[in-house]
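Peer 1: fold the stuff below for me.
(2 chains)
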2 protein chains.
Amino acid sequence: MHAPPIQRLITELSKLPGVGNRTAQRLTFHLLRVSDDDAFALADAIRELKLRVSLCEVCFNLAEGPLCRICQDERRDRALLCVVEEPVDLISIERTHEFAGRYHVLGGALSPIDGVDPEDLKIDELYTRVTDPTEPVREVVIATNPTTTGEATALHIAAGIRERAADVSVTRLASGLPVGSDLEYADELTLGRALTGRRAL
Amino acid sequence: MHAPPIQRLITELSKLPGVGNRTAQRLTFHLLRVSDDDAFALADAIRELKLRVSLCEVCFNLAEGPLCRICQDERRDRALLCVVEEPVDLISIERTHEFAGRYHVLGGALSPIDGVDPEDLKIDELYTRVTDPTEPVREVVIATNPTTTGEATALHIAAGIRERAADVSVTRLASGLPVGSDLEYADELTLGRALTGRRAL
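Peer 2: Below you'll find the predicted structure:
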């Protein structure tokens, strides 16, 4: 029915999460109507994203270049580490303005059913940071999602840190976050309170 | 908060209809997770769409090259013309498999408030087709949207055709379409019935 370039874009857009065939068609026809420059700006933004963004060598947050913006920021407290599953979670926490430390992005949560084991996440890298004598870490705040996999990951990491660095205190975001939800969707206030009221694990 | 290439894509995606800032952020992080090839396929599809798709010289449907697929199809009845506002409307009608004629895409509907006057649409081109002695048109089915602007456009075109080619019958899609709705969203059955039961205007 559609000309091949139209069908091709509809197919590509349909692969995006939450975008069905009808929405993909609407977006495609929208792009047909806008100027070439506007459409190319979107195409270029996608290309640039993949070409220029990589993972920070220290915390595995998204970065342009070897270090992310937070690891480059000398004002951030090196003694305080916040462990999150994904870069989006880091952004949610930054939005609360309640955290002045640094981050460690695991790249997911432990889930043996889905084949995600400790070696698939940046857990060893976390242990290396925590036990590094040149950069003493005082506290690790575990901010994995309050879901089954997130809680399991938190317990696993807490045990691992205690084993390797008994003097580092390990804390967990306070309850206040609705259980079973996703950290990415929490409002700033709730997430800020959960951060302030973090408890020992 | 975000690195510039990430913020740039979020901004570009937010310009799409129905895509807010949160959705744009989700889509951006999804694209960060997929392979480079998958992301580039989307970017290329957008570029190709704009580079390869233009308007058919005859009916102003979307086309690769000078003529659209329908105008290239010799089996389509040249004596029967269906007038629609936009290329998406043509696709909706094609989906009913009830129409064997050809199309004429106006590129919108008359709306003086929005500054859309007859000369902004392909109305003169429609009159030229209808009055062309080498390609006799027997009937023009006006399938503009059943909205205020669509109805006004239908009446305007019907009068214009009657003035120039009194022997051409002008019809309108039957009621059956919910008034105030958009043709693009009609289901095949309703739209098919509206087409079968079209009435003289």
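
Peer 1: name the surrounding residues that touch the particular helix or strand that has A:Leu42 in it.
Peer 2: For A:Leu42, the host element (DSSP states H and E) is helix A:36-52. The contact list for helix A:36-52, computed with Cβ atoms under 8 Å, 6 or more residues apart in numbering or on different chains, reads A:31, A:64, B:3, B:5-6, B:8-9, B:11-13, B:15-16, B:28, B:31-32, B:36, B:39-40, B:42-44, B:46-47, B:49-50. From N, CA and C alone the C-beta is placed, and that goes for glycine too.

Peer 1: and those, which are buried?
Peer 2: A:31, A:64, B:3, B:5-6, B:8-9, B:11-13, B:16, B:28, B:31-32, B:39-40, B:42-44, B:46-47, B:49-50 (16 or more other Cβ atoms under 10 Å in any protein chain shown).

Peer 1: before we move on, back to that, and the direction of the helix holding A:Leu42 versus that of helix B:36-52, what angle?
Peer 2: Helix A:36-52 and helix B:36-52 meet at an angle of 160 degrees, taking axes from the mean of the first three to the mean of the last three Cα atoms, to 10 degrees as the criterion.

Peer 1: next structured bit after helix A:36-52?
Peer 2: Immediately after helix A:36-52, counting by DSSP H and E, sits strand A:53-55.

Peer 1: give me the low-pLDDT residue ranges for chain A?
Peer 2: A:1, A:175-179, A:193, A:197, A:199-201 (pLDDT under 70).

Peer 1: what about the helices in it?
Peer 2: Secondary structure of chain A (DSSP state H): helices located at A:4-14, A:21-33, A:36-52, A:69-72, A:87-96, A:123-131, A:148-164, A:188-196.

Peer 1: which one of those lies nearest to B:Arg162?
Peer 2: Set against B:Arg162 and scored by Cβ to Cβ, those come closest in helix A:21-33, at 31.4 Å.

Peer 1: list the buried residues in the closest one.
Peer 2: A:23-32.

Peer 1: got a list of contacts for it?
Peer 2: A:6, A:9-11, A:13-14, A:16, A:19, A:39, A:42, B:16-18, B:46, B:49-50, B:53, B:62, B:86-88, B:91, B:184.

Peer 1: can you rerun that using 10 Å?
Peer 2: With Cβ atoms under 10 Å, 6 or more residues apart in numbering or on different chains as the test, helix A:21-33 has contacts from A:2, A:5-16, A:19-20, A:38-39, A:42-43, B:13, B:15-19, B:45-46, B:49-50, B:53-55, B:62, B:86-88, B:91, B:107, B:184-185.

Peer 1: how is chain A carved up into domains?
Peer 2: A:4-52, A:75-172 (automatic domain parsing).
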